[in-house]
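Colleague: model this:
(one chain, ligands or ions: 1)
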Amino acid sequence: MTIRDRLLSLHPHEDQSWPKSLWRASGLGYCMRQQLMAATGMAYPIDTSLARKFAIRTGAHEVVQSWMVKEFGDVMLEHYIEDKDRHVGGHSDAILVSADPKVLVEIKTAQQFYFKNLKSGKSKPYWGAQIDFYGKTAAAEFGEEIDVITLLIEAASGEPAIIDTEPVPYEPIADMLNVCWETRMLPPVDEATCRDCNYTHICNEPLHTIDDLRAAIIKDYGTPIEREDTATDE
Ligand code: SF4
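Modeller: Just a heads-up that it's a prediction; the model follows:
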């Protein structure tokens, strides 16, 4: 393979790590069935273009985090925040610890069309439950109110925007996920999120349990890749 071919085939390798909690804060806005499948360890290799896209977005996060450290100095990066009772956890992007009150900054990147719609208020952010989770759990951990701000960067132009995100209470979502996990029963189909999902044809079938859905997905897509540390409900 030539150097040119090798450069064109560069891609990140699978990250199979898994957080300590059953439910990811960043996933709380997603369909509950998908979150339940993820909690069972359901993960598939993604194509190399998508892997590059995700890795570049992660890189963009890291660049913005380094700007914040230079600008504000005392910044806590990737601090893990957890609601142990509800089995929800997530790494907050940055906490400006010297600010009064402390400010937790969630960094998001978006393509131009979505960026414009979010900025104008035409689209509603999907991360309202994540913001609610960070605000409440960080306040409990630090013993004071925390201001949570979403800094959105348009991927192509680098234009920044602060997006006012209305918090969506995360507790009912987490409670429902935990009930489903304990009873092994599936929540109803969430049609609002089904349009772009690969599992639509499967969810149209009368399935009742988490294990039914997992078996149906494996039947169509094969065995998922192994995660090093699949979450448990301990
Ligand atoms: S088809 Fe709909 S309900 Fe089923 S996993 Fe996908 S988004 Fe969720």
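Colleague: Going by C-alpha atoms from here, please, whenever you check contacts or count neighbours.
Modeller: Fine.
Colleague: Give me the pLDDT for the most centrally placed residue in the chain.
Modeller: With distances taken as C-alpha atoms, centre = their mean, residue 26 lies nearest the centre of the chain, 2.7 Å away. Looking at residue 26, its pLDDT stands at 92.
Colleague: For it, list the residues it contacts.
Modeller: By C-alpha atoms under 8 Å, 6 or more residues apart in numbering, the contact list for residue 26 reads 90, 127, 130.
Colleague: any idea how far it lies from the ligand?
Modeller: Here the criterion is C-alpha to the nearest ligand atom, to the nearest Å. By it, residue 26 lies 16 Å from the ligand.
Colleague: thinking again about what came up before, return the member of the contacts of residue 26 nearest to the ligand.
Modeller: Nearest to the ligand out of those is residue 127 (C-alpha to the nearest ligand atom; 16.1 Å).
Colleague: pLDDT value on the closest residue to that closest one other than its chain neighbours, please?
Modeller: Among residues not flanking residue 127 along the chain, residue 29 sits closest, at 5.8 Å (C-alpha to C-alpha, 6 or more residues apart in numbering). pLDDT, residue 29: 92.
Colleague: what does residue 229 give?
Modeller: What the model reports as pLDDT for residue 229 is 46.
Colleague: And residue 17, by the same measure?
Modeller: Note for residue 17: predicted pLDDT of 55.
Colleague: what's the next secondary structure element after the host helix or strand of residue 59?
Modeller: Assigned by DSSP states H and E, residue 59 falls within helix 48-72. Following helix 48-72 in sequence order, the next helix or strand is strand 75-83 (DSSP H and E).
Colleague: outside of that next one, which residues touch it?
Modeller: 21, 65, 68-69, 88-98, 134, 137-138.
Colleague: Now do the helix or strand just after that strand and strand 75-83, the angle between them.
Modeller: Per DSSP H and E, the first helix or strand lying C-terminal to strand 75-83 is strand 88-96. Orientation check (axes from the mean of the first three to the mean of the last three C-alpha atoms, to 10 degrees): strand 88-96 against strand 75-83 gives 160 degrees.
Colleague: what separates strand 88-96 from the chain centre, distance-wise?
Modeller: Remark: strand 88-96 is offset 11 Å from the chain centroid, using C-alpha atoms, centre = their mean, to the nearest Å.
Colleague: helices and strands around that strand, which ones?
Modeller: strand 23-24, helix 48-72, strand 75-83, strand 103-110 (3 or more C-alpha pairs under 8 Å, 6 or more residues apart in numbering; DSSP states H and E).
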